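1. The amino acid sequence is not available; the structure is as follows:
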């Protein structure tokens, strides 16, 4: 049998220092995972809101105020969007399909931009800003052109 080794105070102090250093790294990794998860959650909400606006716009393309309202309502659970965050783009300027548009179908694209505020304290000095711009878009064919 081997004799039981005696743990000195110096070895216990070394263990505490190792724990403190590794705990900082583990907490930073955990906070980074939480930050990424929140940004991904916001992006998915923006993508769903853009898709809702594009679906409504494919049926009622001329009602831009209602498209904006639907996008904001869909994203209201997690984001406070303004009209300036939403861009509506029409392909072929809502011309009648066929000879006038060159045979290309009319389409509507709804883009949503939002500035995700970073709460992780050490990331901001590294990237030089405290926000990341998230952009989502959805495009649908206009089913009822105005002409």
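-> Happy to help now that I have it. Everything numeric in this text was worked out from a predicted model, so none of it was measured.
2. contacts, neighbours, all on C-alpha from now
-> Will do.
3. which residues in this protein form strands?
-> In the chain, the strands defined using DSSP state E lie at 86-91, 107-117, 131-141.
4. Among these, which comes closest to residue 31?
-> strand 107-117 (14.0 Å; Cα to Cα).
5. List the neighbouring strands of that closest one plus their orientation.
-> As defined by DSSP bridges, the strand partners of strand 107-117 come to strand 86-91 (antiparallel), strand 131-141 (antiparallel).
6. my guess is residue 52 contacts residue 72, does it?
-> No. With contact defined as Cα atoms under 8 Å, residue 52 does not count as touching residue 72 (9.9 Å).
7. rewinding a little: reformat the strands paired with strand 107-117 as CSV; add mean neighbour count.
-> What follows is the strands paired with strand 107-117, written out as CSV (neighbours: other Cα atoms under 10 Å):
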stretch, mean neighbour count
strand 86-91, 17
strand 131-141, 17
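8. how about those in CSV, adding mean pLDDT?
-> Formatted as CSV, the strands paired with strand 107-117 follow (pLDDT from 0 to 100):
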stretch, mean pLDDT
strand 86-91, 91
strand 131-141, 92
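9. Of all those, which one is nearest residue 23?
-> Among these, the nearest to residue 23 by Cα to Cα is strand 131-141 (26.6 Å).
10. quick one on the thing from earlier: among the strands paired with strand 107-117, which is nearest residue 16?
-> strand 131-141 (35.9 Å).
11. Residue 137 bridge partners, please.
-> Beta-bridge partners for residue 137, by DSSP bridges, are residue 111.
12. where in the chain is pLDDT low?
-> By pLDDT under 70, the weakly predicted segments of the chain are 1-12, 93-104, 123-125, 146-147.
13. Nearest the middle, which residue of it would you pick?
-> With distances taken as Cα atoms, centre = their mean, the chain has residue 43 as the residue nearest its mean C-alpha position (2.1 Å).
14. hang on, isn't it packed against residue 133?
-> No. Counting by Cα under 8 Å, residue 43 sits too far from residue 133 to count as a contact (10.0 Å).
15. give the contact list for the closest residue to residue 119 other than its chain neighbours.
-> Nearest residue to residue 119 in three dimensions, chain neighbours excluded: residue 35, at 7.3 Å (Cα to Cα, 6 or more residues apart in numbering). By Cα atoms under 8 Å, 6 or more residues apart in numbering, the residues touching residue 35 are 118, 119, 120.
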